[in-house]
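Asks: coordinates only, sequence not included:
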């Protein structure tokens with residue numbers, strides 16, 4: 001699974017392990033890596 005930014009080419013790979021949640025610190029680190037703020041990510045989640 002991967003998350004792609006809003007048509008601007010930013011992306012990162014997020015491995016999916018069934019039954020295992022992504023911790024908040026890890027999620028924030030992933031978002032920081034692709035220059036996405038939490039509010040932008042939350043907004044994107046509401047669109048899917």
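Replies: Alright, I've got the coordinates. Just so it is clear, the model here is predicted, and its values are computed rather than measured. Numbers count the residues shown, from 1 in each chain.
Asks: what residue of the chain is the furthest out?
Replies: Among the residues of the chain, the one whose C-alpha is farthest from the average of all C-alpha positions is residue 19, by C-alpha atoms, centre = their mean at 17.9 Å.
Asks: what about the strands in this structure?
Replies: Here the chain has its strands, by DSSP state E, at 2-4, 11-13.
Asks: which stretch in these has the least confidence?
Replies: Note on the strands of the chain: lowest mean pLDDT is at strand 2-4, with a mean of 53.
Asks: so where's the protein uncertain?
Replies: 1-8, 10 (pLDDT under 70).
Asks: show me the helices in it, by range?
Replies: Chain-ordered helices for the chain, with DSSP state H as the definition, fall at 24-33, 38-47.
Asks: buried stuff in the last one?
Replies: By neighbour count on 16 or more other C-beta atoms under 10 Å, the buried set for helix 38-47 is residue 41. Every C-beta, even on glycine, is put in place using the N, C-alpha and C of the backbone.
Asks: and that helix with helix 24-33, angle?
Replies: Our comparison of helix 38-47 with helix 24-33, counting by axes from the mean of the first three to the mean of the last three C-alpha atoms, to 10 degrees, yields an angle of 100 degrees.
Asks: helices or strands next to helix 38-47 in the packing?
Replies: Judged by 3 or more C-beta pairs under 8 Å, 6 or more residues apart in numbering; DSSP states H and E, helix 38-47 is in contact with helix 24-33.
Asks: and the contacts of the helix it packs on?
Replies: Around helix 24-33, the neighbours that count as contacts under C-beta atoms under 8 Å, 6 or more residues apart in numbering are 3, 12, 14, 22, 37-38, 41.
Asks: good, we can wrap up now.
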